[in-house]
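Q: Any chance you could fold what I've pasted below:
(chains A and B)
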Amino acid sequence: MREISIQLILQEVEKLCVKANTELRGDVLSLLKEAKRAEKKRFSAKALSAILDNAEIALKEKLAICQDTGMPVVFVEMGNNVHIKVNITKIINEAVKKGYASNYLRASIQKDPVFRNEKLAYSPAIIHVDIVSGSKLKITVLPKGFGSENKSKVKMLNPTSTLDEIENFIVESVKKAGAGACPPYFIGVGIGGTQDYAGLLAKQALLMPFDKLNKDKKLALMQKRLIKKINALDIGPFGFGGKSTALGVNIKTYPTHIAGMPVAVNISCHALRSASITI
Amino acid sequence: MEKLIGPLTKKKISGLKSGQEVLYTGVMYTARDQAHKRMIDLLEKKKPLPFDIKDKVIYYCGPNPAPKGKVVGSCGPTTSSRMDKFTPRLMDSGLLATIGKGERSVDVAKAIKKNRAIYFITYAGCGALLSKYVKKRRLICFKDLGAEAVFAFEVKDFPLIVAIDSKGVNIYE
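A: As a prediction, this is how the structure comes out:
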């Protein structure tokens, strides 16, 4: 067994919270720059310039890219040979609290979702732990803003649904998001599994690089078609119309039951943020 | 670009047109979901609001705490449509302008036209950039709501775009 110290995990997750909130991902930044170069509409190009300026200021001054520092979603891949003395979810929640509080990130968590009368907090995070083979520990922090999370959808389609029907549901979901969830969007799509699992797949699809082709050729083609259809909606940056309503669509799939086809669409704003570390 | 200097009046905003960019200098009050709910509850009970909303500007924003040496942390707009169910009532009580991101409901558009009010949008998802325009910040009320409390921001040349003008012309239509 490989022992990993509590202190090391605490320290690294704290750093991930800051990095994810203040630095845009490489693929996100390069797609934003590309969109800016391609945009002909004056207002939309100006919107993209503001987005890029904002990313630069955030990085330089260690300010949050967006005031919505999200509900932190943390993905853990823990090798079966790794041993940690304390339950990892406890460590992560502790680190999130410290990382957010000491870096002036917003406390956005309401512990009572129904009556909503608790003081706002930094945690708990949403934590997904996967046990994998090996002796490593991989942790990813995705601060998910709720402007876009609110627009996300899951639908249980029929197993005989056509590609057109699947794609229409995805495009309609983006259309319904409109201008309010900070376009240009990044779209994560999960297909398969169960109702809950499709939602998780869609969220995980946001972690896949958006500047690389899907390894599955059929899914890559689907993504290409979807981006074309979504951009034809002409919502554009800040809702001003233009070439980019979405900068990428990633699809993640999983086997499902003969009777169903769960499809989930997780929408991310232009400030798609995540940071990972492998210990 | 046209400058708009507060305090605002119906007359001052009457010439602004949907799609027009303006730089606002003056005061804006942050308020989002829970602060709106409380204000409407007070109005329902015919109690006074903690601040006078007559001819005021509400900014849909829950700012980040101020890092050392700064006035405020990241402070961009939140989705306006969540406040749609409260806005007509506030406009009927004198509120003049709101700032946020995204579309508004038909009822809000009607209330804007009826009250000759206005709806602005600002740079969505650009909270770090927008924090540069905030020169002073003061807590007004609902401190227990944390980031959802009402703050007065004194801003200089804060970038706005007219989304629904006082005649009801809508940038999203």
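
Q: just so I have it, where are all the strands in chain B?
A: Counting by DSSP state E, chain B has strands at residues B:2-5, B:21-30, B:57-59, B:97-100, B:118-121, B:134-141, B:150-164.

Q: And the strands in chain A?
A: Secondary structure of chain A (DSSP E): strands located at A:2-3, A:71-79, A:82-83, A:126-132, A:137-144, A:153-157, A:185-193, A:246-256, A:261-268, A:275-278.

Q: B:Gly26 contacts B:Val57, doesn't it?
A: Yes: with contact defined as Cβ atoms under 8 Å, B:Gly26 counts as touching B:Val57 (7.2 Å). C-beta here means a position set from N, CA and C on the backbone, and glycine is covered the same way.

Q: Who has more neighbours out of these two?
A: B:Val57 (26 against 16; other Cβ atoms under 10 Å in any protein chain shown).

Q: Now do the same contact list for that one.
A: Contacts for B:Val57 (Cβ atoms under 8 Å, 6 or more residues apart in numbering or on different chains) come out as B:6, B:8, B:24, B:26-29, B:96-99.

Q: let's go with 10 Å and repeat that
A: With contact set as Cβ atoms under 10 Å, 6 or more residues apart in numbering or on different chains, B:Val57 has these partners: B:4, B:6-8, B:13, B:24, B:26-29, B:95-99, B:118, B:120, B:153, B:155, B:158, B:160.

Q: so which of these are also by chain A?
A: When Cβ under 10 Å from any Cβ of the partner chain is applied, no member of the contacts of B:Val57 is adjacent to chain A.

Q: Which of the residues you listed are buried? Put it as a ChimeraX command.
A: Filtering the contacts of B:Val57 down to the buried ones (16 or more other Cβ atoms under 10 Å in any protein chain shown) takes a single ChimeraX command:
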select /B:4,6,8,13,24,26,27,28,29,95,96,97,98,99,118,120,153,155,158,160
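
Q: Quick check, pLDDT for the closest residue to chain A within chain B.
A: Chain B approaches chain A most closely through B:Gly102 (2.6 Å), counting by Cβ to the nearest Cβ. B:Gly102 is assigned 96 on the pLDDT scale.

Q: Spit out the contact partners of it.
A: By Cβ under 10 Å, 6+ apart, the neighbours of B:Gly102 are A:147, A:177-183, A:238-239, B:60, B:77-82, B:121, B:124, B:163, B:172.

Q: Check A:Gly145 too.
A: Neighbouring residues of A:Gly145 by Cβ under 10 Å, 6+ apart: A:65-71, A:108, A:181-182, A:268-269, A:271-273, B:78-79, B:125.

Q: can you do 7 Å?
A: Shown in contact with A:Gly145 (Cβ atoms under 7 Å, 6 or more residues apart in numbering or on different chains): A:66, A:68, A:70, A:269.

Q: The second one: neighbour count?
A: When counting by other Cβ under 10 Å, one arrives at 29 neighbours for A:Asp68.

Q: Give me the nearest residue to it, chain neighbours excluded.
A: Leaving aside its sequence neighbours, A:Asp68 sits nearest to A:Gly145 (Cβ to Cβ, 6 or more residues apart in numbering or on different chains; 3.9 Å).

Q: In chain A, which helix is the longest?
A: helix A:42-61 (DSSP state H).

Q: Bridge partners for A:Ile126, pull those for me.
A: For A:Ile126, the beta-bridge partners are A:Val73 (DSSP bridges).

Q: tell me, how many neighbours does it end up with?
A: A:Ile126 has 13 neighbours, counted by other Cβ under 10 Å.

Q: What pLDDT does the model give it?
A: A:Ile126 is assigned 98 on the pLDDT scale.

Q: do the same with the one 4 residues further on
A: The predicted local distance difference test score for A:Asp130 is 97.

Q: doesn't A:Glu77 make contact with it?
A: Yes: the pair A:Asp130 / A:Glu77 is scored as a contact, 5.1 Å apart, by Cβ atoms under 7 Å.

Q: Tell me which of the two has more neighbours.
A: A:Glu77 (18 against 9).

Q: Spell out which residues of chain B are next to chain A.
A: Proximity of chain B to chain A (Cβ under 7 Å from any Cβ of the partner chain) is limited to residues B:61-67, B:73-76, B:78-81, B:101-103, B:123-129, B:131, B:146-147, B:172.

Q: Who is the nearest residue to B:Lys12 once chain neighbours are set aside paired with across the strands?
A: What sits nearest to B:Lys12 in space, not counting adjacent residues and going by Cβ to Cβ, 6+ apart, is B:Leu4, at 7.1 Å. As for beta bridges, B:Leu4 partners with B:Tyr24 under DSSP bridges.
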